[in-house]
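S.K.: Provided below for reference: sequence and predicted model.
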Amino acid sequence: MKPLLTTSQTLDLDVVQELVTLAATVEGSFLKETLGSFQGRCTSFLNTIDEGIAREDETKVANAAHTLAGSAAILGASALRACLVQIEDEARTGRWDGVNEKRAVLDSLCDNSLRELKKAFG
């Protein structure tokens, strides 16, 4: 099992810079809307993960973690993505101790990612 990334590795700055560059070419509040959408997805998919954990539903947990990991990757939230990939892998193999261990830090990773993205996007 790979260790979780440290908070100093919360974001992939190359991806963040690409988003900032893209946002400069688009009218409106692209980054604000994107972050708002991501925040909503975090809440929704974390709830789905919790429901799946409560039922030990491997598919529900793995699918929710996979989907949210994709969203995190698009925004460059690398620490969050890494944790979600690990949750997905452990859920698919029924390793509930590992899922629960990583779930314990997921809220903090989401919060840190959102805070760092807001700072990066200005």
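M.R.: Right, received. Where do you want to start?

S.K.: How far off centre is the helix-or-strand element of the chain with minimal mean pLDDT?
M.R.: Of all helical and strand segments in the chain, the minimum by mean pLDDT, DSSP states H and E falls on helix 13-24, at a mean of 88. In terms of CA atoms, centre = their mean, to the nearest Å, the centre of helix 13-24 is found 18 Å from the chain centre.

S.K.: buried residues in that helix?
M.R.: Neighbour-count burial for helix 13-24, with 16 or more other CB atoms under 10 Å as criterion, is recorded at Val15, Val16, Leu19, Ala23. The way it works is simple: take the backbone N, C-alpha and C, and place the C-beta from them, glycine included.

S.K.: correct me, but the first one touches Leu75?
M.R.: Yes: here Val15 reaches Leu75: they are 7.0 Å apart, a contact under CB atoms under 8 Å.

S.K.: Would you tell me what helix or strand the nearest residue to Val99 once chain neighbours are set aside is located in?
M.R.: Of all residues beyond its chain neighbours, the one nearest Val99 is Glu90 (4.8 Å), with distances taken as CB to CB, 6 or more residues apart in numbering. Assigned by DSSP states H and E, Glu90 falls within helix 78-92.
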